[in-house]
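Q: build me a structure from this.
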Amino acid sequence: MNTVYKCILAFMLFTLHASIAQESKVDSLKLLLEEIEYPIEKTNLYNEIAISFYTSQLYNDSAYYYNEKAYQIAKEYSLPDKEGRALFNFGLIQTEIGETNLAIENYIKALFIFERLKDSRNISVINSSIAALYFSEEKYEKAITFFEKAIEISTIDKDSIGMTIDYVNLGASEYKAGKYKSAKEHLEFAEQLAKKKGLDYSSLHISYANTLFALQNIDSAMVEATIGLSLAKKENDIKSISEASDLLHRIESSKENYKDALLHYKRFVMYEDSLSVAKDEHVIEMLKLNADIRSKEESITRMKQKEKYLSIIYVLVAIGIVLLVFLISRQMKVSKMTQEIHSIQTKLVGEELEERSLRNE
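A: Just a heads-up that it's a prediction; the model follows:
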């Protein structure tokens, strides 16, 4: 569910195309920033840079930094649509780094803005985003509420793709909440919508299979789980392969087909381990990146401190020079006064000697 949902969200709100040369694109955008003065264009560029960093799944600090720039310009020049977009971006970034509560707060702020603007497309996406976060937090009743709001808007807008995805997510949430009958109904409707649009998602079949298995419709659950596994392999969706394998293992175990159950369980363990390794590698990369950023920050801090100390030294040297000039000037004045006094004394002594000489005569 998360993979398809995340891809659709990124496409719907940002309409970004995949970039092979990620770094060169960011560099080009940075160069454009130096030439552009208009607030709207500038916020768009900051936004694109932020999303380019975000889609790399590593540079979340940089994504946040440039998105903050876009947000501040949008606030300063009263550009509500850009402000809402930046708030949504904050939600995406915070979701990625696990700050769920902050993400929800920013999604809700963005939702208020787009509701004022009557922008139904973004209202629907944001409701879905909030619902997905509640789903990840296992708050399934809240997830259901927000998915239903998203569906209501998608239905009015006749957004078949949005409706399909939200009905899949709604059904998955209802299954988790133990509402199997309504989950079955909504997943079947999602399947009908998907067929009309020529779409097919592994997550749809896996959620439907889970629901059927919970309702003891084992044979149908087996069919749906097998389709879900096949699609997941085509999509190279490790998480869905893992989920489908686990479900097939449980189905085969319930039928006492332990040989087949063991094969599915081995696949489940293998892909579950792959997910753990991928997660660990991502954490390691994030730690390396943050360590590098911290090292650079410390280097910059040291440089700033050095510059600060140098500035103090320069000031002290300047004061010293001024004092030295003052002292030299004072010394010169004292020397001049001494010379003048000496001249006066010499003159007075000369006159005294001359007067005595005259008296003696």
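
Q: for the stretch 101-250 of the chain, give me the ranges with low pLDDT.
A: Counting by pLDDT under 70, the stretch 101-250 of the chain contains no low-confidence range.

Q: can you give me the helices in it?
A: For the stretch 101-250 of the chain, applying DSSP state H, counting those that start in this stretch gives helices covering 120-136, 140-156, 160-176, 180-196, 202-214, 218-235, 238-254.

Q: any chance of the ones you listed in CSV, plus mean neighbour count and distance to Asn106?
A: For the C-beta atoms, the positions are set from N, CA and C on the backbone; glycine is no exception. Putting those into CSV (neighbours: other CB atoms under 10 Å; distance: least, CB to CB, whole Å) gives the following:
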stretch, mean neighbour count, distance to Asn106
helix 120-136, 23, 10
helix 140-156, 20, 15
helix 160-176, 25, 20
helix 180-196, 18, 28
helix 202-214, 26, 26
helix 218-235, 19, 30
helix 238-254, 22, 26
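
Q: would you mind giving those as CSV with distance to Tyr77 added?
A: Formatted as CSV, the helices of the stretch 101-250 of the chain follow (distance: least, CB to CB, whole Å):
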stretch, distance to Tyr77
helix 120-136, 20
helix 140-156, 28
helix 160-176, 31
helix 180-196, 41
helix 202-214, 41
helix 218-235, 42
helix 238-254, 42
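
Q: to Phe114, which of the ones you listed lies closest?
A: helix 120-136 (4.4 Å; CB to CB).

Q: okay, the closest one in CSV with CA atoms only?
A: The C-alpha coordinates for helix 120-136 follow below in CSV (Å, rounded to 0.1, in the frame of the first residue of the first chain):
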residue,chain,number,x,y,z
SER,A,120,-10.4,19.9,-4.1
ARG,A,121,-7.5,18.0,-5.7
ASN,A,122,-5.1,18.9,-2.9
ILE,A,123,-7.8,18.6,-0.2
SER,A,124,-8.3,15.0,-1.3
VAL,A,125,-4.5,14.2,-1.4
ILE,A,126,-4.0,15.7,2.0
ASN,A,127,-6.8,13.8,3.6
SER,A,128,-5.3,10.6,2.1
SER,A,129,-1.9,11.6,3.5
ILE,A,130,-3.3,12.1,7.0
ALA,A,131,-5.1,8.8,6.8
ALA,A,132,-2.0,7.0,5.7
LEU,A,133,-0.1,8.4,8.7
TYR,A,134,-2.8,7.3,11.1
PHE,A,135,-2.8,3.9,9.4
SER,A,136,1.0,3.6,10.0
